[in-house]
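Asks: output the structure for:
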Amino acid sequence: MEIFIDQLKPGQEVNSMFVLKTKKLLPLRSGNGHYLAVLLGDKTGQMEGRIWESVYEIYYNYQVGDIVKVQGQVEEYNGTVQINISAMSTSHDAETDPLRFIPASKLDLDAAREKLFAVTGSLHSTHLKNLLSLLLSDDDFLGSLLMSPAAKRNHQATIGGLLEHSLGMVSAAGQLATVYTGIDRDLLVAGALLHDIGKVEEYSIGADIDFTDEGRLLGHIVLGVRILDRYISRLPDFPEELKLKLLHMVVSHHGQYEWQSPKRPKFLEASILHHLDMIDAEVDMFSSAIDSRENQDDHWSGWVKSLGRYVFCK
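Replies: Okay, here's the model as predicted:
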């Protein structure tokens, strides 16, 4: 019976499909030959595996990112649960279902779709409303938006994670606009929804989240400017100053040059957008650290690389 990583316990037999996350040849203690250390993953987590037979054949013929069928037994060694792998074979592409290997956002996609149209309807600016309506009327774009992750790792690295991230920022932006005077609520909300638009072309989804060629060569900021400019060009009456502001919000949302931001925010809504981006990402990283504890009674998470610290969970 097919099972997932979070169900595996010591002593259990394994006959299931996983994504090959990493592979590494390591020397045997005897100094004569090597064994293969691998990291396997599915939507529920990751687990180490050890291969002792056909080591070189597997190492040279299997690539990171391959879907592999694994047979073996779960064992505990020095406090670490791992799979002692007796056989590994490649799986066929036809068997690939991203939802098996990549976690999905907690968002209900139908409800999220409705929220997108509600956000559009809440805008008073005719130009911004027309822009969002144009984007959402493009079925290919909308489908990509509903599926895209917000990142490869760290925060909202899930199917639908980009929309979860963007809608979280939209909600915070709308509430913040009621607290402080002088904020252009429509501009801030539209910027929150559109700031990461380039990620629909930056990432690809298969057995794992990966970068597209354009994503590696250009990145989501450049891609976002290109996408936004393409849609705005289809609205001949769109004001040039409003276009410039939206493009600047995309360009500056990372906030600092050392964080790969081509420009620092140069007006209020752009600055707020940057801070909302940081807040939403950190909320997700802290929440994920708490949820990912092996023992939910533990007061501390493990080391969280993205945050550079342990997280207090009580």
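Asks: can you tell me the strand partners of the helix or strand harbouring Asn84 and which way each runs?
Replies: Taking DSSP states H and E as the criterion, Asn84 maps to strand 80-90. Strand 80-90 pairs in its sheet with strand 45-51 (parallel), strand 67-77 (antiparallel), by DSSP bridges.
Asks: put the alpha carbons of the shortest one into PDB.
Replies: Which is strand 45-51. The C-alpha coordinates for strand 45-51 follow below in PDB (Å, rounded to 0.1, in the frame of the first residue of the first chain):
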ATOM      1  CA  GLY A  45       8.000  15.900   4.400                       C
ATOM      2  CA  GLN A  46      11.400  14.400   3.900                       C
ATOM      3  CA  MET A  47      13.300  11.400   5.100                       C
ATOM      4  CA  GLU A  48      16.900  10.200   4.700                       C
ATOM      5  CA  GLY A  49      17.700   6.900   3.000                       C
ATOM      6  CA  ARG A  50      20.800   4.700   2.700                       C
ATOM      7  CA  ILE A  51      21.700   2.500  -0.300                       C
END
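Asks: relative to the whole chain's centre, how far out is it?
Replies: In terms of C-alpha atoms, centre = their mean, to the nearest Å, the centre of strand 45-51 is set 22 Å apart from its chain centre.
Asks: could you do stretch 142-159 as well?
Replies: Using C-alpha atoms, centre = their mean, the offset of stretch 142-159 from its chain centre is 4 Å.
Asks: i'd like the first residue to be 590 from this point on
Replies: Sure, I'll start numbering at 590, so the last one becomes stretch 731-748.
Asks: buried residues in it?
Replies: Buried positions in stretch 731-748, judged by neighbour count with 16 or more other C-beta atoms under 10 Å: 731, 733-740, 744-748. The way it works is simple: take the backbone N, C-alpha and C, and place the C-beta from them, glycine included.
Asks: if we can go back for a sec, what average pLDDT does the strand holding Asn673 get?
Replies: What strand 669-679 shows for mean pLDDT is 90.
Asks: buried sites along that strand?
Replies: 670-672, 674, 677.
Asks: before we move on, what about stretch 711-719?
Replies: 712, 714, 716-719.
Asks: likewise for stretch 825-834?
Replies: Those would be 827, 831-832, 834, for stretch 825-834 by 16+ other C-beta under 10 Å.
Asks: ok now that stretch, how far from the chain's centre?
Replies: For stretch 825-834, the distance to the chain centre is 31 Å (C-alpha atoms, centre = their mean).
Asks: who touches that stretch?
Replies: 714, 716-717, 719-720, 776, 818, 821, 856, 858-859 (C-beta atoms under 8 Å, 6 or more residues apart in numbering).
Asks: what about 10 Å?
Replies: Applying C-beta atoms under 10 Å, 6 or more residues apart in numbering, the contact partners of stretch 825-834 are 714-717, 719-720, 723, 773, 775-776, 779-780, 817-818, 820-822, 824, 835, 855-856, 858-859.
Asks: need the distance between the two termini of it.
Replies: End-to-end distance for stretch 825-834: 17 Å, by C-alpha to C-alpha, to the nearest Å.
Asks: again, but for stretch 619-639
Replies: Stretch 619-639: ends 16 Å apart by C-alpha to C-alpha.
Asks: tell me how the chain divides into domains.
Replies: Using automatic domain parsing, the domain ranges for the chain come out as 594-686, 691-879.
Asks: out of the strands paired with strand 669-679, nearest to Asp697?
Replies: strand 634-640 (22.8 Å; C-beta to C-beta).
Asks: pLDDT added to the buried residues of stretch 825-834, as JSON lines?
Replies: Formatted as JSON lines, those follow (pLDDT from 0 to 100):
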{"residue": "Phe827", "pLDDT": "97"}
{"residue": "Leu831", "pLDDT": "98"}
{"residue": "Lys832", "pLDDT": "97"}
{"residue": "Lys834", "pLDDT": "98"}
